[in-house]
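Peer 1: next come a sequence and a model predicted from it.
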Amino acid sequence: QLVESGGGLVQPGGSLRLSCAASGFTLDYYTIGWFRQAPGKEREGVSCISSRGGSTSYADDVKGRFTISRDNAKNMVYLQMNSLKPEDTAVYYCARGLFPMCSLRTYEYDYWGQGTQVTVSS
């Protein structure tokens, strides 16, 4: 099971840290990705981190603002989001990857959490 937390309402320019907690499997064996889906839009990749944390990837529109990290001892993955913009508003999901390499393609993930809502608004 994957469970996201940390979402909420934040003003533009603010920060949030999302957490992804895993249970029932060992997180450090897997690539983990963060995705988001805004109303009326397709789910898109935001960031990912490889199984040992040696490789990360970010969507162009979050580079320099978001940082993904993992704590394998705690079976957790985090997404630190800074300088948030209204267009970052979406439901954010973490997912378990099928392959060791980091990817932002949704079809390379097989197990998804239920999501946490992030709303950026003044």
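Peer 2: That came through fine.
Peer 1: centre-most residue in the protein?
Peer 2: Trp34 (2.4 Å; CA atoms, centre = their mean).
Peer 1: what's opposite that residue in the beta bridge?
Peer 2: Ser47, Cys94 (DSSP bridges).
Peer 1: three-state assignment of Ser103?
Peer 2: coil (DSSP: H, G, I helix; E, B strand; the rest coil).
Peer 1: before we move on, back to that, gap between the residue nearest to the centre of the chain and Gln117?
Peer 2: As judged by CB to CB, to the nearest Å, Trp34 and Gln117 stand 14 Å apart. Every residue, glycine included, has its C-beta placed from N, CA and C.
Peer 1: now Arg96
Peer 2: 21 Å.
Peer 1: higher neighbour count, the two?
Peer 2: Counting neighbours by other CB atoms under 10 Å for Arg96 and for Gln117 shows that Arg96 has the greater number, 20 against 12.
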